[in-house]
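> Sequence first, then the predicted structure, then my questions.
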Amino acid sequence: MYRKQVRRRRAVLALLIVGSFVLLSLTYGQGSRGFQRSVSTIFSPVQSVADRALKPARDLVDWFDKTFDARGENDRLKSQLVKAREQAVAGEEALQENEQLRKLLDLNRSPALVYTAYEPVTGRVIARSPTVWRSTVTIDVGSGDGVEVDDPVISGDGLIGRIASAGPGSSQVMLLTDHASAISAKVVPVGVQGVIKPEIGNPEDLILDFIDSTKEVHGGQTVVTAGWRAQGLASHFPPGLPLGEVTKASIVEQEANEQVDVRPFADLRNLDLVQVLTGGSRR
Amino acid sequence: MILTPKIVARIAALGFAGVLLQLSFFSQVELLHVSPDLLPALVVCLGLLGGSLTGAVSGFSIGLFVDCLLVESLGISSLVLMGTGYLAGLFRERADFHGSLVPALLCMGLTLLAELGYAAIQLLLGVDAPVSTLIVRDMLLKSAYAFFLGWPTYLVVRRVLRPALVDVPRVQRQRQPTVLGA
């Protein structure tokens, strides 16, 4: 009797292990995931309700966490305020200069206008991946709202990722910190281009890789999407979307590894309302 | 554990509630920059109370459900959580440790093992980005949180599955003896 039980237990375990490997082999790296999308679509209303119901509890925990962080944050904000004042003065000058440049340039051919072709769709984050290896969130807007795969997703602070899959009522957003994320970016005003990649496990740090080491990048400089377009191909992201600011830019690292560290503008750990820029692939 | 359709439904409801709570609450809050992970603790408690087979099947199903909801590659979470549940069940069947801290400590240890397992599978499958050493902090803190989540989770799971547990004595109200002439 006991032997029979042991045999049955081993058989079930072997079946589950084989099942896991079969599922993994069939679905790893596949773009089309009809079954998962169907399950996700069925349960997205429940997730949405659970998300709203649990928001006060989440806010309470966030409040405790932020209180811990507040002391360190205060010093950083003070130094940022000084910097922001300097930038505000510089910004006034830049605005005047910009007005003059607008008259000179034909804005119809400017990439900045391409951005206006996108239609923003606002969504709320209803679920988040529990592991740092997969940095994805689920939002409550989907293909029924015009959302398509690869549409850029932004928060109030800048780009946060792109749509990885879209169901009728919900979509999965692959964040900048997901290991499969890679976005062409450039440092302004120097114009150094590279690819923004994440450092897994550290959501406050991105890496601008493959940069041109002949040009020097300094800490505090802003990184935006490059939004390239060549020979009928185009980036999924419009140019000029803010990504982050350069934090560490040692000359040694730039020359040896051709990379610098970037802190994302958007707080990728506390996302609530986001906007999907739809229509980009159809323009 | 005596598995009846009613008990299976209760386990499924526990798994469903646990997954919803994880994705909608625990994954979206952070303490010291790390989100707690309830699911390994839940699977450990199911394995600890139901045995290795219940733990393995529950872990597999919960992992599959999470991957479906997040539209991710199927199989990774299933494999990790199945192993976690199986080991917890094996502990119940083989080890002879009893104590109030056992569920919490087991949740902590097996959550760390689950995190290591997940990392190993991801690295085997290939990761396209550099890995920060902060991942170690993430793993350690997650297992520390599992210690605190383990005990309440164990109590809830035990309460829900009480009718099926053979080794939990039924609490009976004892009548006070009547004193004659009082």
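The structure has been received and is ready for your questions. Numbering: from 1, shown residues only, chains lettered A, B, ... in the order given.

> Count the residues that sit near residue 2.
No chain was given, so I picked chain A. 6 (other CB atoms under 10 Å in any protein chain shown). (C-beta placed from N, C-alpha, C; glycine too.)

> if you could check chain B rather than the one you did, that'd help
10.

> How about residue B:104?
For residue B:104, the neighbour count with other CB under 10 Å is 21.

> So it sits against residue B:153, correct?
No - taking contacts as CB atoms under 8 Å, residue B:104 lies outside contact range of residue B:153: 9.2 Å.

> nearest residue to the residue in the stretch 101-250 of chain A positioned nearest to chain B other than its sequence neighbours?
Chain B sits closest to residue A:201 of the stretch 101-250 of chain A, with a gap of 3.2 Å, by CB to the nearest CB. Leaving aside its sequence neighbours, residue A:201 sits nearest to residue B:135 (CB to CB, 6 or more residues apart in numbering or on different chains; 3.2 Å).

> and the one you found, what element?
helix B:134-160 (DSSP states H and E).

> go on, residue A:262?
strand A:260-264.

> Restrict that strand to CA atoms and write it as CSV.
Extracted in CSV, the C-alpha atoms of strand A:260-264 (Å, rounded to 0.1, in the frame of the first residue of the first chain):
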residue,chain,number,x,y,z
VAL,A,260,27.5,55.2,-18.5
ASP,A,261,25.0,54.8,-15.7
VAL,A,262,21.6,56.4,-16.0
ARG,A,263,18.9,57.0,-13.4
PRO,A,264,15.4,56.7,-14.9
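
> Which strands border it, and is each parallel or antiparallel?
Using DSSP bridges, strand A:260-264 pairs in its sheet with strand A:206-209 (antiparallel), strand A:242-246 (antiparallel).

> Show me which positions of the helix holding residue B:135 end up buried.
Buried residues in helix B:134-160, counted by 16 or more other CB atoms under 10 Å in any protein chain shown: B:134-135, B:138-139, B:141-147, B:149-151, B:153-154, B:157, B:160.

> and the end-to-end length of stretch A:27-34?
10 Å (CA to CA, to the nearest Å).

> what does the helix or strand following the strand holding residue A:262 contact?
As assigned by DSSP H and E, the chain's next helix or strand after strand A:260-264 is strand A:273-278. With CB atoms under 8 Å, 6 or more residues apart in numbering or on different chains as the test, strand A:273-278 has contacts from A:118-125, A:139, A:141, A:145-148, A:151-156, A:160, A:163, A:171, A:173, A:238.

> hmm, back to that, got a pLDDT number for the residue of the stretch 101-250 of chain A closest to chain B?
Note on residue A:201: pLDDT of 81.

> does it really touch residue B:138, like I thought?
Yes - when contacts are counted by CB under 8 Å, residue A:201 is listed as touching residue B:138 (5.6 Å).

> thinking again about what came up before, looking at the strands paired with strand A:260-264, which is closest to residue B:128?
Closest of these to residue B:128 is strand A:206-209, at 11.0 Å (criterion: CB to CB).

> Identify all contacting residues around the closest one.
Contacts for strand A:206-209 (CB under 8 Å, 6+ apart): A:176-177, A:185, A:187, A:194-199, A:217, A:223, A:243-244, A:246, A:258-264, B:129-130.

> My assumption is that residue B:44 lies in a helix; please confirm.
Yes - assigned with DSSP: H, G, I helix; E, B strand; the rest coil, residue B:44 falls within a helix.

> So the helix or strand that contains residue B:93, near chain A or not?
Using DSSP H and E, residue B:93 maps to helix B:76-94. Yes - contact of helix B:76-94 with chain A (CB under 8 Å from any CB of the partner chain) involves B:76, B:78, B:79, B:82, B:86.

> check contacts around the first one.
What that stands for is residue B:76. Neighbouring residues of residue B:76 by CB under 8 Å, 6+ apart: A:24, B:63, B:67, B:118, B:121, B:122, B:125.
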